[in-house]
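Chemist: Fold the stuff below for me.
(chains A and B)
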There are 2 protein chains.
Amino acid sequence: MIIESRNPVQRVLMGPGPSTVDPRILRAMSEPTLGHLDPQFLKIMNECMDMLRYIFNTENRLTIPMSGTGSSGMETTFVNILEPGDKVVIGVNGVFGMRMADMAGRCGAQVIQVEAPWGKPIDPADVDNALAKNSGVKFFAVVHAETSTGVLQPLKELADICKKYDVIFLADTVTSLGGVPVDIDDNGVDVSFSGTQKCLGCPPGLAPVTFNEKASKAVKSRKTKVQSWYLDLSMIEQYWGNERVYHHTAPINMIYALHESLRIIVEEGRESRFKRHKKNHKALGDGLEAMGLSLIVDREYRLPSLTTVYAPEGINEADVRKQLLEKYNMEIGGGLGVFKGRAWRIGLMGYASNQANVFLCLTALGNILESMDRKVDKKAALEAAAAVYSS
Amino acid sequence: MIIESRNPVQRVLMGPGPSTVDPRILRAMSEPTLGHLDPQFLKIMNECMDMLRYIFNTENRLTIPMSGTGSSGMETTFVNILEPGDKVVIGVNGVFGMRMADMAGRCGAQVIQVEAPWGKPIDPADVDNALAKNSGVKFFAVVHAETSTGVLQPLKELADICKKYDVIFLADTVTSLGGVPVDIDDNGVDVSFSGTQKCLGCPPGLAPVTFNEKASKAVKSRKTKVQSWYLDLSMIEQYWGNERVYHHTAPINMIYALHESLRIIVEEGRESRFKRHKKNHKALGDGLEAMGLSLIVDREYRLPSLTTVYAPEGINEADVRKQLLEKYNMEIGGGLGVFKGRAWRIGLMGYASNQANVFLCLTALGNILESMDRKVDKKAALEAAAAVYSS
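Modeler: Numbers count the residues shown, from 1 in each chain, chains lettered A, B, ... in the order given. Below is the predicted model of the structure:
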């Protein structure tokens, strides 16, 4: 058996994640591996927690990266809070809301779904209704940034409703953390999880989570064991806390990468970073519309890190993506669920959220659609994008 | 907030894992991140599966790395096979047997423990007994290489007993895979899990698992949903198989590292690799004994990848480890459980299993013990080790 070495090309990663990784972060991954209880590593862990608190914008003590990809963060919040028979309300308006409902069911919870059409946010009135009708609900969960639809869900009003009914408020910030303000404390979010490969601009492999006192109390007052040993926070907390009790061997080099990505965020400053994401998103969206394409989401709910756009009728959207990959080294995502075969998902996350990528994407997409005999206004697209940058 | 960049020193990692990582593997981690459905990445995934089959020495189709550290591999095998009410027998002679019993309980299984003293292997007669007394047992699980005690458990006889009772045989190969033959098919192991940071010589972060037809059938014929969404093989199989259905975003750069570590293994050849581990282990063990120290495990059950040795009476073993780290940049492990404060665990795994490390460890340990006014024969230690290499 002869297996040649890998030579992965440098793609422009503009799908729903992973996003292109800053070479600084890639270099961090190849630093010498330390032991998981080495004093040098413990310092790195502490700094990661501090910097995660900065980007989550929270004072929550329990703010750590879990040793798995984003979905393991989702599972962490669910298995640690839920016990069999608990009632939960979940907002479902895309793939990740569905995934949360699935996970809650696996925890033995009774799941009440509050639905909205794909591409629309969850209506707070529906949540209020569901909580008024069902007493003793343990938490309400919603996706802040639905990666399957490109919807940015406003959080504040939902948090207020949860407070009214004394229900824990859980928000999935996988595709927002690091690119869009999540403001955990100010928004009244009690518990949240994210992933490294989106707006943090890291490779996939870790899932930052944050629990406030209210959420931690729910974990501490459980009557049953957490069904997952691997994700059991009562033990993991003692490794990340001052006790430093061994639980599992942390993914050391991935944590170097997270540390470097967070350092980059601190250097840039979170406000500047959010502004950058917003501006590049606007340039791309305006460009796509000027080209003649239609965005899925209404302007006020558009997610700065991920733009969803309908493919022109009759186009084989997968073929367009294939050409983008082969001719331009660019990856964008296809539609999921109700948008499968009908839409694209174009990410501008972390390091990949930049002006060059916006112009390249508009140009490449324009060229390919034109080669398929579609009328697109490439000039107008580039001008619309440029107007955003010069304003 | 100003956080300085990390500058982790190059440690000699001779603890129970992580082990020192080959610079070739560290470099692989910093290759550009590809999308998890990129054709270039799919090829890397396929090659990883092929090479994992080589080192597991199995034809099992379902042989993949799970997206978490070793314990997530343990949990994967348990949650996918077990359903509430199932009966399991677990061999417990150290920390990792205890961990398996804990996990089985969290799956709602009825756990029957077969115990042996720490530092001794599980007695096959006890397993036969337990299976004779308890009908309808779903699996018997044992630790092939107990990282807490340094015992190598012979597998063949246990496999035969499991066959006799038509019980699935599960072996934890976390600290053996890549350093000690595991011979999954020849040994009659039905399902196994491992980790990357031991004898595969990779950073921590992935958990290779392998299921044969018998074990896969148990997964496929379940009546209930797997309690973990993140570790549910029925979905993950469709991503690693030809369907390529998205489940979660794989930890791309960690998989580059695994790929490179497996390439190194294929180049070296598994037999040469096992011989190397055995020889270095013998040199270290003979050296420690010649120095005047006592090993915990009887010669025939000693684990080539991890040597356990009693600290001299009255010595503060943690202080010795601290000095090793500070003066020699060398990490070794302390005792766990019944050996806490009384023993050291010295790993020689993967890239770190080499002659230089053996001599350095004997020298460093000898010097430190001498500085603590202990009589140790440093000369005899080095001569005993050298004799192994010259034979």
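Chemist: Kindly report the residues of the stretch 151-300 of chain A close to chain B.
Modeler: A:195, A:197, A:203-205, A:225-230, A:247-254, A:256-257, A:259-260, A:262-263, A:266 (C-beta under 8 Å from any C-beta of the partner chain). Glycine gets a C-beta too; all of them are placed from N, C-alpha and C.
Chemist: Show me how to select, in ChimeraX, the buried members of those residues.
Modeler: Selection of buried members from those for ChimeraX, criterion 16 or more other C-beta atoms under 10 Å in any protein chain shown:
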select /A:195,197,203,204,205,226,227,228,229,230,247,248,249,250,251,252,253,254,256,257,259,260,262,263,266
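Chemist: Among the residues of the stretch 151-300 of chain A next to chain B, which lie within helices?
Modeler: A:252-254, A:256-257, A:259-260, A:262-263, A:266 (DSSP state H).
Chemist: and these as CSV, adding pLDDT?
Modeler: Shown next, in CSV, are those (pLDDT from 0 to 100):
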residue, pLDDT
A:Ile252, 98
A:Asn253, 98
A:Met254, 98
A:Tyr256, 98
A:Ala257, 98
A:His259, 98
A:Glu260, 98
A:Leu262, 98
A:Arg263, 98
A:Val266, 98
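Chemist: Just put these in CSV and tack on distance to A:Phe78.
Modeler: CSV is the format used below for those (distance: C-beta to C-beta, whole Å):
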residue, distance to A:Phe78
A:Ile252, 27
A:Asn253, 28
A:Met254, 22
A:Tyr256, 28
A:Ala257, 26
A:His259, 27
A:Glu260, 30
A:Leu262, 25
A:Arg263, 31
A:Val266, 30
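Chemist: Can you tell me which of those residues is nearest chain B?
Modeler: Top of the list for closeness to chain B, among these and by C-beta to the nearest C-beta, is A:Asn253 at 4.2 Å.
Chemist: Verify the contact between that closest one and B:Pro203 for me.
Modeler: Yes: taking contacts as C-beta atoms under 8 Å, A:Asn253 lies within contact range of B:Pro203: 4.2 Å.
Chemist: helix or strand for A:Cys361, which one?
Modeler: helix A:355-371 (DSSP states H and E).
Chemist: So what's the residue count around A:Ser221?
Modeler: A:Ser221 sits with 8 neighbouring residues when counted by other C-beta atoms under 10 Å in any protein chain shown.
Chemist: got a list of what the residue of the stretch 101-250 of chain A found nearest chain B touches?
Modeler: The minimum distance from the stretch 101-250 of chain A to chain B, using C-beta to the nearest C-beta, falls at A:Gly205 (3.6 Å). Going by C-beta atoms under 8 Å, 6 or more residues apart in numbering or on different chains, A:Gly205 touches A:68-69, A:196-197, A:251, A:254, A:257, B:67, B:205, B:251, B:253-254.
Chemist: Which residue comes closest to it once chain neighbours are left out?
Modeler: B:Pro251 (3.6 Å; C-beta to C-beta, 6 or more residues apart in numbering or on different chains).
Chemist: Helices of the stretch 151-300 of chain A, start to end?
Modeler: Using DSSP state H, counting those that start in this stretch, the helices found in the stretch 151-300 of chain A span residues A:156-164, A:184-187, A:213-220, A:233-240, A:252-268, A:270-291.
Chemist: Please, where are all the strands along the stretch 1-150 of chain A?
Modeler: Assigned by DSSP state E, counting those that start in this stretch, the strands in the stretch 1-150 of chain A fall at A:12-13, A:62-66, A:87-92, A:110-115, A:137-143, A:145-146.
Chemist: for the third one, packing partners?
Modeler: Taking 3 or more C-beta pairs under 8 Å, 6 or more residues apart in numbering or on different chains; DSSP states H and E as the contact definition, the neighbouring helices and strands of strand A:87-92 are helix A:95-106, strand A:110-115, helix A:124-133, strand A:137-143.
Chemist: Go again with 6 Å.
Modeler: Contacts defined by 3 or more C-beta pairs under 6 Å, 6 or more residues apart in numbering or on different chains; DSSP states H and E place strand A:87-92 against helix A:95-106, strand A:110-115, strand A:137-143.
Chemist: Just the buried residues of stretch A:183-194, please?
Modeler: Neighbour-count burial for stretch A:183-194 [16+ other C-beta under 10 Å]: A:184, A:187-194.
Chemist: contacting residues around the helix holding A:Cys361?
Modeler: Residues outside helix A:355-371 that contact it (C-beta atoms under 6 Å, 6 or more residues apart in numbering or on different chains): A:280, A:283-284, A:287, A:320, A:323-324, A:328, A:376, A:378, A:381-382, A:385.
Chemist: neighbouring contacts of stretch A:17-27?
Modeler: A:13, A:197-198, A:201-204, A:257, A:260-261, A:347, A:349-352, B:30, B:33.
Chemist: List only buried entries from those.
Modeler: A:13, A:197-198, A:201-204, A:257, A:260-261, A:347, A:349-352, B:30, B:33.
Chemist: hmm, back to that, run the angle between the helix holding A:Cys361 and helix A:270-291 for me.
Modeler: 20 degrees (axes from the mean of the first three to the mean of the last three C-alpha atoms, to 10 degrees).
Chemist: for the helix or strand that helix A:355-371 is followed by, packing partners?
Modeler: Using DSSP H and E, the helix or strand that follows helix A:355-371 towards the C-terminus is helix A:378-390. On a contact count with 3+ C-beta pairs under 6 Å, 6+ apart, helix A:378-390 meets helix A:270-291, helix A:355-371.
Chemist: Mind giving me the packing neighbours of the following helix or strand past the first one?
Modeler: What that stands for is helix A:270-291. Per DSSP H and E, the first helix or strand lying C-terminal to helix A:270-291 is strand A:306-310. Judged by 3+ C-beta pairs under 6 Å, 6+ apart, strand A:306-310 is in contact with helix A:270-291, strand A:343-347.
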